[in-house]
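>>> Predicted coordinates and the sequence they were generated for:
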Amino acid sequence: MKIVFMGTPDFAVETLRGIAKAGHEILGVVTQPDKPKGRGKALQPTPVKAAAKGLGLPVYQPENVKDPKFVEMLKGLNPDVIVVVAFGQLVSKEILEIPPYGCLNVHASLLPSYRGAAPIQWAVIRGEKESGVTIMRMDEGLDTGDMLAKKTVRLETGETGGSLFDRLSVLGAGLLVETLEKAAAGTVTAVPQPAESPTPYASMIKKSMGRIEWEQKAGQIERLTRGLDPWPSAFTRLNGKTLKIFKSCVCDSPDMGCLDGGDIRPGQVLETDKAGIYVKCGQGCLRIEELQLEGKKRMAAADFLRGCQITEGTVLS
């Protein structure tokens, strides 16, 4: 098939490479404009742009994909299908109607669950047992188009947003290539989505969402630390500095002093040992096992404690 590919972040790279490896003709790659990054504010290409250049593919970076001149350029390419993977801009009806096979999207959830920008992180944060990818033929709604194919994965013990991201990236690439083959053969079955999603909207992740509220249950906080690993990370404050928490474990054994009530405050350090730092939560206790203090490297709690003494009673704010 003749394909135009639209994508921006790392998640989309695996699909782009999969399409190229399968022998499809990629007419062009559309991605977001380069953005300044780092202290020098040098322009940084998107991961998809870097991958496309490595494959020798033409790259387009419109500020607004709905710009009439850009839309006319797309029409001139005359693609059979447009593949969209985490592109980052809304695609207009005019673009949706260009290719005869439509615009196919790789969405990192089992639609209609977790429509929205961040289905991977929210699946971990909300304690889902399984996730997956859906290939959808896009319509004018937000992740509401007909479903063409699905694959499911079980979330592993200790699954993080990063590890699920990597697994679904590979899964989605393979499923998209399979769907293209079926579309060309006329064997794809389109299944309409119900009007309502059974889960809340998977809104975009912001740094501020990582702020730990120690009044919550330990299990909620533990899932937050995993869901926001590696970015933007869950965080608290220690002696006026930001303390990022990556790996943690729920503890509720009375002999650790984790009983509710008394004078113990949520966020208070109960004790420390080689296994980690034990912190009182609104319900239960959280053992911090991997963390990063502002200005330092990410490290195991045992290594951290060798260079930073935390006394019992210290309150993380």
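Yep, it's here.

>>> mind checking the SS state of residue 63?
The three-state label for residue 63, taken from DSSP: H, G, I helix; E, B strand; the rest coil, comes out as coil.

>>> And the pLDDT for the most centrally placed residue in the chain?
The structure's the chain has its C-alpha centroid closest to residue 120; by CA atoms, centre = their mean the separation is 4.5 Å. The predicted local confidence for residue 120 comes out at a pLDDT of 98.

>>> what distance separates the one helix or strand it maps to from the centre of its chain?
Of the helices and strands defined by DSSP states H and E, residue 120 is found in helix 119-125. Mean C-alpha position of helix 119-125 versus that of the full chain (CA atoms, centre = their mean, to the nearest Å) differs by 7 Å.

>>> Please list the outside residues in contact with it.
Under the contact criterion CB atoms under 8 Å, 6 or more residues apart in numbering, helix 119-125 has outside partners 107-109, 113-114, 116, 131, 155, 159-161, 164-165, 168, 199-200, 202-203, 205, 223-224, 226-228. (C-beta placed from N, C-alpha, C; glycine too.)

>>> Residue ranges of each domain in this protein, please.
The record, using automatic domain parsing to delimit domains, assigns the chain the ranges 2-185, 207-307.

>>> Among these, show the one with the smallest mean pLDDT.
Confidence, taken as mean pLDDT, is least for domain 207-307 of those (a mean of 91).

>>> Quick check on residue 145: phi, psi?
When quoted as degrees, to the nearest 10, the phi and psi of residue 145 stand at phi -70, psi 170.

>>> nope, residue 250 is what I was after
phi -80, psi 130.

>>> how far away is it from residue 299?
When CB to CB, to the nearest Å is applied, the distance between residue 250 and residue 299 equals 21 Å.

>>> Residue 70: how many residues sit nearby?
Other residues lying near residue 70 total 16 when counted by other CB atoms under 10 Å.

>>> what do you get for residue 264?
15.

>>> Helices of the stretch 151-300 of the chain, residue ranges please.
Assigned helices in the stretch 151-300 of the chain, in chain order: 161-185, 218-227 (criterion: DSSP state H, counting those that start in this stretch).

>>> dump the residue contacts of residue 288.
Contacts for residue 288 were tallied using CB under 8 Å, 6+ apart; they are 245, 247-248, 276-279, 301.

>>> Let me fix that, I meant to ask about residue 305.
By CB under 8 Å, 6+ apart, the contact set of residue 305 is 272, 277.

>>> Next: residue 80.
Counted by CB under 8 Å, 6+ apart, residue 80 has contacts 1-3, 99-101.

>>> From the opening residue of stretch 22-32 to its closing one, how far?
Taking CA to CA, to the nearest Å, the first and last residues of stretch 22-32 lie 25 Å apart.

>>> my guess is residue 268 meets residue 281, correct?
No - Residue 268 is not in contact with residue 281 according to CB atoms under 8 Å; the separation is 9.7 Å.

>>> Of the two, which one has the most company?
For residue 268 and residue 281, the more surrounded residue by other CB under 10 Å is residue 281, and the numbers stand at 26 against 18.

>>> what's the spacing between the more buried one and residue 46?
As defined by CB to CB, residue 281 lies at a distance of 39 Å from residue 46.

>>> Identify the residues contacting the strand or helix carrying residue 26?
In this assignment (DSSP H and E), residue 26 forms part of strand 25-30. Strand 25-30 is contacted from outside by 1-7, 16, 19-20, 48-49, 52, 55, 57-62, 65, 77-79, 87, using CB under 8 Å, 6+ apart.
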